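Colleague: Model the structure of this input:
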Amino acid sequence: MSIESSPLTKEIWLVTASGRLDQSQTGQLEESLQQLLTEGHNRLIVDMAKVEYINSGGLRCLVTAWRMARQQRGDVYLCALIPRVQNVFTMIGFDKVFQIFPTREEASQAWQPSAK
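Modeller: All right, here's what the predicted structure looks like:
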């Protein structure tokens, strides 16, 4: 697993994950998300185009970040889920919790005032 984070705009940060999001691999993602949120970056987009697998550990990590962002009047958007990962979100109903976008550009545009 690898995690990269970078600002898309002054207010929106992109976190790119790759590999497997399971109990043994989520520590780095959790650390990155928590650090950004602690620093006050509450508008996060997690690009999951290269995430091959997710289980309860990865889901827990994302939900924890989502809750923290929401407490700070922000949100965590997800984008570019591969079909296998999208199916997991749909099966457990997390597609109703997270806003999921086909691309990072669409996720970023959703933060714009005119999109709301």
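
Colleague: and the top helix by length along the chain, what's its mean pLDDT?
Modeller: Counting residues, the longest helix found in the chain (DSSP state H) is helix 56-71. Model confidence over helix 56-71 averages 96 on the pLDDT scale.

Colleague: Go through that helix and flag the buried ones.
Modeller: Buried residues in helix 56-71, defined by neighbour count with 16 or more other Cβ atoms under 10 Å: 57-59, 61-62, 64-66, 68-69. Every C-beta, even on glycine, is put in place using the N, C-alpha and C of the backbone.

Colleague: tell me which of these is nearest to L21?
Modeller: The nearest member of those to L21, counting by Cβ to Cβ, is G58 at 2.8 Å.

Colleague: after the longest helix of the chain comes which helix or strand?
Modeller: Moving toward the C-terminus from helix 56-71, the next helix or strand (DSSP states H and E) is strand 75-79.

Colleague: So what touches that following strand?
Modeller: Outside strand 75-79, the residues that touch it by Cβ atoms under 8 Å, 6 or more residues apart in numbering are 33, 42-49, 62, 65-66, 69, 89, 98-104, 106-107, 110-111.

Colleague: CA atoms only for it - export them in CSV, please.
Modeller: Output of strand 75-79 as CSV, limited to C-alpha atoms (Å, rounded to 0.1, in the frame of the first residue of the first chain):
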residue,chain,number,x,y,z
ASP,A,75,-16.5,15.9,4.4
VAL,A,76,-14.6,13.0,2.9
TYR,A,77,-15.4,12.3,-0.7
LEU,A,78,-14.4,9.2,-2.5
CYS,A,79,-13.6,8.9,-6.2
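
Colleague: what bits of the chain have low per-residue confidence?
Modeller: Where the chain drops to pLDDT under 70, the residues are 113-116.

Colleague: hey, where'd the helices end up in it?
Modeller: 27-38, 56-71, 83-92, 104-110.

Colleague: number of nearby residues for L37?
Modeller: 21 (other Cβ atoms under 10 Å).

Colleague: just Q112 next, same as before
Modeller: By other Cβ under 10 Å, 10 other residues sit near Q112.

Colleague: between the longest strand anywhere in the chain and helix 83-92, how many degrees?
Modeller: In the chain, taking DSSP state E as the definition, the longest strand is strand 43-54. Orientation check (axes from the mean of the first three to the mean of the last three Cα atoms, to 10 degrees): strand 43-54 against helix 83-92 gives 100 degrees.
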